[in-house]
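Participant: 3D, please:
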Amino acid sequence: MIYAIRNDWETNEKLILRYKKMFFQSRMANKIKTERYAVGNISKKKIREKAIVREHYRMLNNKVYF
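Facilitator: Residues are numbered from 1 along each chain as shown. From the prediction side, this is the model:
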């Protein structure tokens, strides 16, 4: 749980910025994004298809153009 307590001299905008900084540094946003939807296991066929596509794009990136 992340929380920020407002200091006496602090404006609301500064408080919000400080809270957002703590929130993103804690990596809570990444965890929320990854757990947003239930995802099942990927089949071996899908893994292989993705590997083939990755290999194709890597080959295109490695070509030397003159």
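Participant: who touches Ala29 in this structure?
Facilitator: For Ala29, the contact set (C-beta atoms under 8 Å, 6 or more residues apart in numbering) comprises Phe23. Heads up, the C-betas are built off the backbone N, CA and C, glycines and all.
Participant: where's it relative to Tyr37, distance?
Facilitator: Ala29 sits 15 Å away from Tyr37, going by C-beta to C-beta, to the nearest Å.
Participant: packing partners for the helix or strand harbouring Ala51?
Facilitator: Using DSSP states H and E, Ala51 sits within helix 44-62. On a contact count with 3 or more C-beta pairs under 8 Å, 6 or more residues apart in numbering; DSSP states H and E, helix 44-62 meets no helix or strand.
Participant: chain center to that helix, what's the gap?
Facilitator: Its chain's C-alpha centre and that of helix 44-62 lie 22 Å apart, by C-alpha atoms, centre = their mean, to the nearest Å.
Participant: over to stretch 52-66?
Facilitator: Stretch 52-66 has its C-alpha centroid displaced from the chain centroid by 25 Å (C-alpha atoms, centre = their mean).
Participant: pull that stretch out as PDB, backbone CA atoms only.
Facilitator: C-alpha atoms of stretch 52-66 as PDB (Å, rounded to 0.1, in the frame of the first residue of the first chain):
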ATOM      1  CA  ILE A  52       9.500 -17.800 -36.300                       C
ATOM      2  CA  VAL A  53       8.100 -14.300 -36.600                       C
ATOM      3  CA  ARG A  54      10.800 -13.000 -34.200                       C
ATOM      4  CA  GLU A  55      13.500 -14.700 -36.300                       C
ATOM      5  CA  HIS A  56      12.100 -13.200 -39.500                       C
ATOM      6  CA  TYR A  57      12.200  -9.600 -38.100                       C
ATOM      7  CA  ARG A  58      15.700 -10.100 -36.600                       C
ATOM      8  CA  MET A  59      16.900 -11.200 -40.100                       C
ATOM      9  CA  LEU A  60      15.400  -8.100 -41.600                       C
ATOM     10  CA  ASN A  61      17.000  -5.800 -39.000                       C
ATOM     11  CA  ASN A  62      20.400  -7.400 -39.600                       C
ATOM     12  CA  LYS A  63      20.500  -6.800 -43.300                       C
ATOM     13  CA  VAL A  64      23.000  -4.200 -44.400                       C
ATOM     14  CA  TYR A  65      21.600  -1.600 -46.800                       C
ATOM     15  CA  PHE A  66      23.900   0.500 -49.000                       C
END
